[in-house]
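J.: Sequence isn't available, so here's the structure alone:
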């Protein structure tokens, strides 16, 4: 509970305690006033011998005892009221809290005296609804993706079997055709491997918790190495890669996992870059933080998709073209790895340019 909520609770407790004491004092004063008023009234009346007269005489003789008993009886009733009221309120709150296990769109209604608790429960209810919706959407995206991938597995597998069968059944075909069939079978087998790897990514992402094994590395050297590995992939689409990095950029990190972040960003660039364009990688130290940017020319991403680009199983390509993107896990995993390092990652898309910016905390960085 917040400090403000604690203050309100203390004030509410003081009001209840003050009300309790005030009612007790009022009851004592009322009993004394009634006793005094009754004494005056009874003294002004000429009484005849009767049972009522005997009772009043007894009360007069034991007025102190009668007042004490009356006050005690009232104290018991008043205490029972003030004790039972919060118990009833506790039952109401317990029933309302039970609704959090099965949150609905209907807000939780509590008495006005429990307004603060009502607000907190409704905030928790709304958060539970958002979490439930997000979980359902993520589960649905994952299920849809698995169905799509399972379907996509059939196509390259059928092609591999088909071309290998032709090579087996037609031993007399020319070397040129044999080489072409072998190349196609190899290409389909590689695509099949990519799809299987995506299944493993889904399993690892959902069943494992990433842990860091930090060591000091030179990010400049790491980025140069990762970029060089992607040059053949970029060359297939007529892409080039430029680097604008300081001579040294030391950082304490998990090199394998951070290299996976760079790999995922460059792979994303290879999917969505415009042909014959340049993928730009830049790094600098700004305000004591390491800032890395990965920028490529590409069609502007709508804001509604940009807001979801780091979600699990989210793909920009909704047409399910198997050559444009993977399982929709690359950027989600990249975000988790960067945040485990204490950093942030964001995506921007303006003027037909897509830019990913990574900020890593200064406490592990060293100036070049």
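T.: Now that the structure is in, tell me what you want to look at. Keep in mind that this is a model prediction, so the values were computed, not measured.
J.: helix, strand or coil for residue 171?
T.: Three-state assignment for residue 171 (DSSP: H, G, I helix; E, B strand; the rest coil): coil.
J.: show me the contacts for it.
T.: By C-beta atoms under 8 Å, 6 or more residues apart in numbering, residue 171 lies in contact with nothing. For every residue, glycine as well, the C-beta is placed using N, CA and C.
J.: Next: residue 279.
T.: Residues near residue 279 by C-beta under 8 Å, 6+ apart: 234, 239, 240, 241, 242, 266, 269, 270, 273, 294, 295, 296.
J.: Going by neighbour count, which residues in the one helix or strand it maps to are buried?
T.: Assigned by DSSP states H and E, residue 279 belongs to strand 278-286. By neighbour count with 16 or more other C-beta atoms under 10 Å, strand 278-286 contains the buried residues 279, 280, 281, 282, 283, 285.
J.: Over to stretch 344-360?
T.: The neighbour-count check on stretch 344-360 (16+ other C-beta under 10 Å) flags 345, 347, 349, 353, 354, 355, 356, 358, 359, 360 as buried.
J.: Now the closest residue to the fifth one other than its chain neighbours: phi and psi?
T.: Read that as residue 354. Once flanking residues are discounted, residue 354 sits nearest to residue 298: 4.6 Å by C-beta to C-beta, 6 or more residues apart in numbering. When read as degrees, to the nearest 10, the backbone of residue 298 gives phi -170, psi 160.
J.: Output the below-cut-off pLDDT ranges for this structure.
T.: Where the chain drops to pLDDT under 70, the residues are 1-6, 8-9, 88-106, 108-117, 144-145, 148-152, 198, 201-210, 312-329, 363-368.
J.: For it, which segments are assigned as helices?
T.: 3-43, 51-61, 63-98, 115-169, 175-207, 219-236, 255-272, 303-306, 330-340 (DSSP state H).
J.: which residues touch the second one?
T.: Where contact means C-beta under 8 Å, 6+ apart, the residues beyond helix 51-61 that reach it are 39, 42, 47, 66.
J.: quick one: that helix to chain centroid distance?
T.: Offset of helix 51-61 from its chain centre (C-alpha atoms, centre = their mean, to the nearest Å): 75 Å.
J.: Kindly report the same for the shortest one.
T.: Relative to its parent chain, helix 303-306 has a centroid offset of 18 Å by C-alpha atoms, centre = their mean.
J.: By neighbour count, which bits of that helix are buried? Give me those.
T.: Neighbour-count burial for helix 303-306 flags residue 306 (criterion: 16+ other C-beta under 10 Å).
J.: now swap in stretch 219-226 and tell me
T.: 219, 220, 222, 223, 226.
J.: List of residues touching that stretch?
T.: For stretch 219-226, the surrounding residues in contact (C-beta under 8 Å, 6+ apart) are 243, 245-251, 255, 258-259, 262-263, 266, 281, 283, 290, 292, 368.
J.: Tell me which two in the buried residues of stretch 219-226 are the farthest apart.
T.: The span of the buried residues of stretch 219-226, defined through C-beta to C-beta, is set by 220 and 226 at 11.2 Å.
J.: How about the contacts made by residue 277?
T.: Residues near residue 277 by C-beta under 8 Å, 6+ apart: 238, 239, 240, 296, 297.
J.: Turn the buried ones among the residues you listed into a named PyMOL selection, would you?
T.: A single PyMOL command is used to select the members of the contacts of residue 277 judged buried by 16+ other C-beta under 10 Å:
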select buried, resi 239+296+297
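J.: Distance to residue 193 for the contacts of residue 277 - can I get that in JSON lines?
T.: Output for the contacts of residue 277, formatted as JSON lines (distance: C-beta to C-beta, whole Å):
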{"residue": "238", "distance to residue 193": "25"}
{"residue": "239", "distance to residue 193": "23"}
{"residue": "240", "distance to residue 193": "27"}
{"residue": "296", "distance to residue 193": "25"}
{"residue": "297", "distance to residue 193": "29"}
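J.: Among the contacts of residue 277, find me the one that's closest to residue 121.
T.: residue 296 (47.1 Å).
J.: And that closest one, how close does it get to residue 229?
T.: In this view, residue 296 and residue 229 are 17 Å apart by C-beta to C-beta, to the nearest Å.
J.: cool, residue 340 as well?
T.: In terms of C-beta to C-beta, residue 340 sits 23 Å off from residue 229.
J.: For these two, indicate the residue with more neighbours.
T.: Set residue 340 next to residue 229 and count neighbours by other C-beta atoms under 10 Å: residue 340 wins out with 16 against 12.
J.: farthest-separated two in the contacts of residue 277?
T.: 238 and 296 (12.7 Å).
J.: Quick check on the contacts of stretch 219-226: which are buried?
T.: 245, 249-251, 255, 258-259, 262, 266, 281, 283, 290, 292.
J.: quick one, phi psi at residue 237?
T.: Main-chain dihedrals, residue 237, degrees, to the nearest 10: phi -110, psi 10.
J.: Around it, how many other residues sit close by?
T.: By the other C-beta under 10 Å criterion, the neighbourhood of residue 237 contains 14 residues.
J.: wait, isn't it in contact with residue 273?
T.: Yes: counting by C-beta atoms under 8 Å, residue 273 is a contact partner of residue 237 at 6.8 Å.
J.: what's the closest residue in space to residue 261 that isn't next to it in sequence in contact with, if anything?
T.: Take residue 261 and drop its neighbours on the chain: the residue closest to it by C-beta to C-beta, 6+ apart is residue 334, 4.4 Å away. Contact analysis of residue 334 by C-beta under 8 Å, 6+ apart lists 260, 261, 264, 265, 310, 345.
J.: For residue 262, see how far away residue 45 is.
T.: Distance, residue 45 to residue 262, using C-beta to C-beta: 103 Å.
J.: again but with residue 84, I slipped
T.: As defined by C-beta to C-beta, residue 84 lies at a distance of 65 Å from residue 262.
J.: Around residue 64, how many other residues sit close by?
T.: Based on other C-beta under 10 Å, the number of other residues close to residue 64 is 9.
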